[in-house]
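Trainee: the sequence isn't on hand, but the structure is:
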DNA sequence: AGAATGCCATGACAAATGTCACATCCCCGA
DNA sequence: TCGGGGATGTGACATTTGTCATGGCATTCT
């Protein structure tokens, strides 16, 4: 398995190279020091996997990945980083990066590398813990703190399904006027103007 | 590495077992035929990884995973399935499942298994392709196919921000009546009744 | 018991919304 | 050049929506 490493931290790059080559299964074709090296080195060696840091002096690993993937959509890229930043992960995945691991996990990088070379996607242990949160990434809102009661919240949910006041009233066995009053109160508590804003708000902060 | 396999397809389970044991790195402690076997077998053998099918006669792999993870939150579970269903993936990840692969990818299961045993998360090749879409999970909708034009879509976007007709008109340098007419047209094309339903719809199928 | 409180409802009203039937205006093809 | 068709606009109208004032009941507190 051929690998190219990009990392502006010489020490880290060399350590990685040693570990990988010690396995006897990996050949580190080249190491670069900046994101700008990614594309030329990739084209020259066509490695199975490109292993790159994210934070680098000139061009970062994310940008480098984007460029490389634009030119070679099937390139397998494994991002290595010290930081565990949600934004980075989401962006990287959108580009088509195949793996995302923390440097502190470097002892366990070999299996991840293999999986990536097969086209699978791998997330390091620490990233794994964040995944569920990332998938349903939705800000939360404490309705109770604004004085919105459970009953009111039921109404709001129906508003967010597109029901009219009359329909909501029927559904909950209330008077239509009552529904209007309730919603009016909710609107005031949340500083909103009309039911549409309410629906949008509710869908955003479920 | 100790592994327990759960699959109601005897043939598949045996094939898997052969492949894994042929590597010399995996010991298949036991194989079960139903999700109900997962917990007892896990407790008995405490495997590094539990490999389980999703669709099974009695209790499915998802439910089994949920139960197992409730009892042993650190259990490493790798789901195997024939079906590539978004819903399943999201659910599984929420429970804390560490891997999700298609059966057709069984040749490449060993590296994935290793990665999972280290606490990493792995997605099979076919799943990988869906990941970016899953992250900003949003069903798509072909507005053009319903005759909704770009200009109309601009209006809809503003509705979904909670603007009133008057505000939209100002923003786009249109008459308020024009805005109403446009939106009225859109509502008809999409079979919706009012702006709230429109906003909800738009936020769902961006 | 009387007062206070919460929950549900009504009626009245202004504003916003959705629908419809027309006007313009402008461009483009016959 | 004419005429059709699209984009834009207006006015009228019924409906829905949001607000407010108010009242009836229960339950609870004093």
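Mentor: Here it is on my side, so go on. Predicted model, so just to flag it, every value in this text is computed and none were measured.

Trainee: what's near enough to touch the residue in chain A that DNA strand C sits nearest to?
Mentor: Across chain A, no residue is closer to DNA strand C than residue A:177, which sits at 2.2 Å (C-beta to the nearest atom of the strand). For glycine as for every other residue, the C-beta is placed from the backbone atoms N, C-alpha and C. Under the criterion of C-beta atoms under 8 Å, 6 or more residues apart in numbering or on different chains, residue A:177 has no neighbours.

Trainee: secondary structure class of it, three-state.
Mentor: Recorded secondary structure, residue A:177: helix (DSSP: H, G, I helix; E, B strand; the rest coil).

Trainee: ok, it to residue A:183 distance?
Mentor: Using C-beta to C-beta, to the nearest Å, residue A:177 is found at 11 Å from residue A:183.

Trainee: please identify which helix or strand holds the residue nearest in space to the middle of chain A.
Mentor: Nearest to the mean C-alpha position of chain A, by C-alpha atoms, centre = their mean, lies residue A:90 at 2.5 Å. Following DSSP states H and E, one finds residue A:90 within helix A:86-95.

Trainee: which strands or helices does that helix pack on?
Mentor: helix A:61-71, strand A:77-81, strand A:99-102, helix A:125-135, helix B:125-135 (3 or more C-beta pairs under 8 Å, 6 or more residues apart in numbering or on different chains; DSSP states H and E).

Trainee: hang on, the earlier thing: pLDDT wise, what is the residue of chain A closest to DNA strand C at?
Mentor: Residue A:177 is assigned a predicted lDDT (pLDDT) of 89.

Trainee: how close does it sit to residue A:169?
Mentor: Distance, residue A:177 to residue A:169, by C-beta to C-beta: 8 Å.

Trainee: same check, this time on residue A:40
Mentor: Going from residue A:40 to residue A:169 by C-beta to C-beta gives 68 Å.

Trainee: report the contact partners of residue A:12.
Mentor: A:53, A:103.

Trainee: which secondary structure state does it sit in?
Mentor: Residue A:12 is classified as helix under three-state DSSP.

Trainee: count the neighbours of residue A:112 for me.
Mentor: The local packing of residue A:112 (other C-beta atoms under 10 Å in any protein chain shown) involves 32 other residues.

Trainee: mind listing what it touches?
Mentor: By C-beta under 8 Å, 6+ apart, the residues touching residue A:112 are A:78, A:99, A:101, A:122, A:124, B:115, B:120.

Trainee: surely it is within a helix?
Mentor: Yes. Under three-state DSSP, residue A:112 falls within a helix.

Trainee: nearest residue to it other than its sequence neighbours?
Mentor: residue A:122 (4.3 Å; C-beta to C-beta, 6 or more residues apart in numbering or on different chains).

Trainee: correct me, but the one you found touches residue A:78?
Mentor: Yes. Between residue A:122 and residue A:78 there is a contact at 7.4 Å, judged by C-beta atoms under 8 Å.

Trainee: residues shared between the contacts of those two?
Mentor: Both residue A:122 and residue A:78 are in contact with A:98, A:99, A:100, A:101, A:112, A:116, where contact means C-beta under 8 Å, 6+ apart.

Trainee: run the chain-centre distance for stretch A:155-162.
Mentor: How far stretch A:155-162 lies from its chain's middle: 29 Å, per C-alpha atoms, centre = their mean, to the nearest Å.

Trainee: quick one: is it near DNA strand D?
Mentor: No. Stretch A:155-162 is not in contact with DNA strand D by C-beta under 7 Å from any atom of the strand; minimum separation 7.6 Å.

Trainee: enumerate the residues of chain A near DNA strand D.
Mentor: Counting by C-beta under 7 Å from any atom of the strand, the residues of chain A close to DNA strand D are A:164-166, A:177, A:180-181, A:183-184, A:187-188, A:193-196, A:198.

Trainee: tell me how many other residues crowd residue A:124.
Mentor: Per other C-beta under 10 Å, the neighbour tally for residue A:124 reads 28.

Trainee: what sits closest to it if chain neighbours are left out?
Mentor: Nearest non-adjacent residue to residue A:124, counting by C-beta to C-beta, 6+ apart: residue A:101, 3.5 Å away.

Trainee: how about the contacts made by that neighbour?
Mentor: Contacts of residue A:101 by C-beta under 8 Å, 6+ apart are A:78, A:79, A:80, A:81, A:108, A:109, A:112, A:122, A:123, A:124, A:127, B:120.

Trainee: please repeat the previous calculation with a cut-off of 6 Å.
Mentor: By C-beta atoms under 6 Å, 6 or more residues apart in numbering or on different chains, the contact list for residue A:101 reads A:80, A:112, A:124.

Trainee: state the distance from the residue located most distally from the centre of chain A to residue A:25.
Mentor: Distance from the C-alpha centroid of chain A, by C-alpha atoms, centre = their mean, peaks at residue A:175 (45.0 Å). Applying C-beta to C-beta, the value for residue A:175 to residue A:25 is 73 Å.

Trainee: cool, residue A:153 as well?
Mentor: Distance, residue A:153 to residue A:25, by C-beta to C-beta: 56 Å.

Trainee: which one's more surrounded, those two?
Mentor: residue A:153 (14 against 11).

Trainee: which of residue A:40 and residue A:169 has more neighbours?
Mentor: Ranked by neighbour count (other C-beta under 10 Å), residue A:40 and residue A:169 place residue A:169 first, with 19 against 11.

Trainee: am I right that that one is in contact with residue A:176?
Mentor: Yes. At 4.4 Å, residue A:169 and residue A:176 qualify as touching, with contact defined as C-beta atoms under 6 Å.

Trainee: so what's the residue count around residue A:148?
Mentor: Neighbours of residue A:148 using other C-beta under 10 Å come to 18.

Trainee: cool, and residue A:106?
Mentor: Residues near residue A:106, counting by other C-beta under 10 Å, number 17.

Trainee: neighbours around residue A:129, how many?
Mentor: Counted with other C-beta under 10 Å, residues neighbouring residue A:129 total 14.

Trainee: which ones are touching it?
Mentor: Listed by C-beta under 6 Å, 6+ apart, residue A:129 has no contact partners.
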